[in-house]
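Chemist: This is a predicted model, with the sequence first.
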Amino acid sequence: MVGAGIGNAVEWFDFAVYGLMAVTMAKLFFPSTSEASSLLTTFAVFGIAFFLRPLGGVVFGIIGDRIGRRATLSIAILIMCGCTALIGVLPTHATAGVVASILLVACRLGQGFAAGGEFAGAAAFLVEHAPRKKRGLFSSFLVVSTSVGLLLALGVVTVVSVWTGPAFEQWGWRLPFLLALPLGLIGLFIRLRLEDTPAFQELQENNDIETRPLRTCFSEHGRVMLAVFLGVIPTAVGFYILFTYLPTYIQQTTQLGRTVALITNSVAVVVCALCLPLFGSLSDRIGRRRVLQIGAAGFVVMPVPALMLASSGSISGAVVGQILLALPMAASASMTAAILVENFPPAVRYTGGSVLYNGAQVIFGATAPYVAILITVQTGSTTAPGFYIAGLCLISLIGVTLFLRETRTTDPAPTTASPVPDPA
C-alpha cells in the first residue's frame, strides 16, 4: 500500500504546489496590468501540463503492461520529481523575460507526461494485491495518498508563506518546489524494493503479455471504456475545483487572505481524506456503482451553495462551503482506482486505466480552474461556475446509471478475458 501510494502522494504534491501558488506564479512569470489576465495565463499553463498526460498515459501504460507495474512507476516518479525541482531553480520573468515563461511551460509539460503514468499504474499495483472482499477499501487508500500529497503541499506552502513573509515572492516560493526532489527519491527507493503484482507475474509465467494493449482496449473494451470515462468525470472536475481553484477563489472574492484560504482548504482536505475509506468500505457492501451515484448526485446539488458560502467573507463560510464539496469528492474519488482496475483484464489494465483517467483529467480537470475563472469574468457572478460543475456531474450520473456495470464481486486477476460483473 505504501509503495503504491508514495508516488501518487508525490505526484499530487508536485501538481498542487503550482496551483496553490497561482497568484504568486502569475506575478513572477506572467506579469500583466490586468490581474485577471495574469491569473488566466497562470491557470492556462497549469492546464498545459495535462495535455501531455494522455501521451504519458499511453506510453507508460503500454510499458507497464509489457515490463511490469513496479519498473514503470519508478520511472514515472523520477521524471515527476525532477521536473518539479527544476521549477524551483528557474529564473523569473523579471530576470529572463519570456524565456522564464517558456522554461516554466517546459517543466510543466514534463510533469504532465510523468503524471500520465502514475495513478492507473498505482491503482493496478494496489488493487491486484488487495484481498477480494476489501478491494474497495484498499483502493480508496490510493486516493487518501492523494489527499496526503495535497495536505503536504498545503502545509508546506502555508508554513513557507508565513515563515518568509514579504520574501515569499522573492525566494520563498522556490522552497516547496525544491522539496519535491528528496520526496521523490524516497518514493523511488521504496518502490525499487517491492516485487511486482501476482497478476502481472502470472501474465509473464503464462506468456500472456499483450503486445498491443492500446489497440486491444479500443477494439475489445470500447463500451467499458465509455462507461468508466463517464464515471471518473466528477473526480476530475471536482478535485481541481476544490483543491486548486477554491483557495484562489477565496483570495479573490474575500478579504481573508492567502494564509486563511490555505488553512480552510486544508480542513476540506482532511475531511475528504477521512471519508475516503468510509466510502471505500461502503462500496464493498453496496457496490461501486451506487457509491459513484452518491458522489455524482452530491456534485449536482452542492456546488452553487458551496461557492456562495466560500465567498461569504467569513472563515466559517469558507470552511463549510469547501466541506460541502469535499463530501461528494470523497465518494467519487474513493471509487476511481477500483473501477479503473476491475473493468479491465490484467493484460491491458495499465493502458486502459491510464487512457481513461488521463483523458478525463485533460478534458475536465485541466480546464476546470480556467473555465471557472472565465465564467466568472464573463458573467460577473462568483457562483456561476457551480452550474458548470453541476451540469458535468449530471451527465456522469446518467452515464453511470445507464452504462457502468457493477464489479464489486468480480475477480480482478483473470488473464484471458474481461471481467464479467454481477448484475447491479
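Modeler: Good, I have the coordinates. Numbering: from 1, shown residues only.
Chemist: Downstream of the one helix or strand Ile62 maps to, the next helix or strand is which one?
Modeler: Using DSSP states H and E, Ile62 sits in helix 53-67. Moving toward the C-terminus from helix 53-67, the next helix or strand (DSSP H and E) is helix 69-87.
Chemist: Who are the packing partners of the helix or strand just after that next one?
Modeler: With elements assigned by DSSP H and E, the helix or strand that comes after helix 69-87 is helix 93-96. With contacts defined as 3 or more Cβ pairs under 8 Å, 6 or more residues apart in numbering; DSSP states H and E, helix 93-96 has these neighbours: helix 22-29, helix 98-115. All C-beta atoms are positioned from the backbone trio N, CA, C, and that covers glycine.
Chemist: In JSON lines: the ones you listed, plus mean pLDDT, distance to Phe299 and mean neighbour count.
Modeler: As requested, the helices and strands packed on helix 93-96 are arranged in JSON lines below (pLDDT from 0 to 100; distance: least, Cβ to Cβ, whole Å; neighbours: other Cβ atoms under 10 Å):
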{"stretch": "helix 22-29", "mean pLDDT": "80", "distance to Phe299": "23", "mean neighbour count": "22"}
{"stretch": "helix 98-115", "mean pLDDT": "88", "distance to Phe299": "23", "mean neighbour count": "20"}
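Chemist: From the chain's centroid, how far away is the helix holding Ile62?
Modeler: Averaging C-alpha positions (Cα atoms, centre = their mean, to the nearest Å) puts helix 53-67 17 Å from its chain's average.
Chemist: Give the buried residues for that helix.
Modeler: By neighbour count on 16 or more other Cβ atoms under 10 Å, the buried set for helix 53-67 is 53-54, 56-66.
Chemist: how about the CA coordinates for that helix, as PDB?
Modeler: C-alpha atoms of helix 53-67 as PDB (Å, rounded to 0.1, in the frame of the first residue of the first chain):
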ATOM      1  CA  ARG A  53      -0.900  13.400 -19.600                       C
ATOM      2  CA  PRO A  54      -2.800  11.300 -22.200                       C
ATOM      3  CA  LEU A  55       0.500  10.800 -24.100                       C
ATOM      4  CA  GLY A  56       2.300   9.900 -20.900                       C
ATOM      5  CA  GLY A  57      -0.600   7.600 -20.000                       C
ATOM      6  CA  VAL A  58      -0.300   5.800 -23.400                       C
ATOM      7  CA  VAL A  59       3.400   5.500 -23.200                       C
ATOM      8  CA  PHE A  60       3.600   4.400 -19.500                       C
ATOM      9  CA  GLY A  61       0.500   2.300 -19.900                       C
ATOM     10  CA  ILE A  62       2.000   0.200 -22.700                       C
ATOM     11  CA  ILE A  63       5.300  -0.100 -20.900                       C
ATOM     12  CA  GLY A  64       3.500  -1.100 -17.700                       C
ATOM     13  CA  ASP A  65       1.600  -3.800 -19.400                       C
ATOM     14  CA  ARG A  66       4.800  -5.100 -21.000                       C
ATOM     15  CA  ILE A  67       7.500  -4.800 -18.400                       C
END
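Chemist: Let's test this: mean pLDDT of stretch 142-154, rounded?
Modeler: Mean pLDDT, stretch 142-154: 84.
Chemist: With stretch 346-355 instead?
Modeler: The model assigns stretch 346-355 a mean pLDDT of 91.
Chemist: One more: stretch 366-380?
Modeler: 88.
Chemist: pLDDT weak spots in this protein?
Modeler: Counting by pLDDT under 70, the chain contains low-confidence residues at 1-4, 32-37, 39, 43, 46-47, 411-424.
Chemist: Now stretch 240-249: buried residues?
Modeler: So for stretch 240-249, counting by 16+ other Cβ under 10 Å, buried means 240-249.
Chemist: quick one: which of the helices and strands packed on helix 93-96 is nearest Asp208?
Modeler: Among the helices and strands packed on helix 93-96, the nearest to Asp208 by Cβ to Cβ is helix 98-115 (28.0 Å).
Chemist: Please name every helix or strand in contact with the helix or strand that that closest one is followed by.
Modeler: Using DSSP H and E, the helix or strand that directly follows helix 98-115 along the chain is helix 119-127. Using 3+ Cβ pairs under 8 Å, 6+ apart, the elements in contact with helix 119-127 are helix 2-20, helix 53-67, helix 69-87, helix 135-164, helix 336-342, helix 346-360.
Chemist: From the buried residues of stretch 240-249, which land in helices?
Modeler: Of those, the ones assigned to helices by DSSP state H are 240, 246-249.
Chemist: re the thing from before, what helices or strands is the helix holding Ile62 leaning on?
Modeler: helix 69-87, helix 98-115, helix 119-127, helix 213-220, helix 346-360.
Chemist: what about 10 Å?
Modeler: helix 69-87, helix 98-115, helix 119-127, helix 198-205, helix 213-220, helix 346-360 (3 or more Cβ pairs under 10 Å, 6 or more residues apart in numbering; DSSP states H and E).
Chemist: now the angle from the longest one to helix 346-360?
Modeler: With axes from the mean of the first three to the mean of the last three Cα atoms, to 10 degrees applied, the angle from helix 69-87 to helix 346-360 works out at 30 degrees.
Chemist: For Ala372, see how far away the closest residue to Val362 other than its chain neighbours is.
Modeler: Once flanking residues are discounted, Val362 sits nearest to Phe50: 4.2 Å by Cβ to Cβ, 6 or more residues apart in numbering. For Phe50, the distance to Ala372 equals 15 Å [Cβ to Cβ, to the nearest Å].
Chemist: Repeat that for Thr72.
Modeler: From Thr72 to Ala372 the distance is 33 Å (Cβ to Cβ).
Chemist: what do you get for Glu195?
Modeler: For Glu195, the distance to Ala372 - Cβ to Cβ - is 43 Å.
Chemist: Just want to know which of the two has more residues nearby.
Modeler: Between Glu195 and Ala372, counting by other Cβ atoms under 10 Å, Ala372 is the more crowded of the two (26 against 11).
Chemist: Verify the contact between that one and Tyr249 for me.
Modeler: Yes. Contact between Ala372 and Tyr249 holds when scored by Cβ atoms under 10 Å: they sit 7.5 Å apart.
Chemist: Find the residues that touch each one of these two.
Modeler: 241, 307, 382, 385 (Cβ atoms under 10 Å, 6 or more residues apart in numbering).
Chemist: Ramachandran coordinates for the third one?
Modeler: With angles defined as degrees, to the nearest 10, Thr382 sits at phi -80, psi -10.
Chemist: For it, give me its contacts.
Modeler: 249, 252-254, 307-308, 310-311, 372, 375-376.
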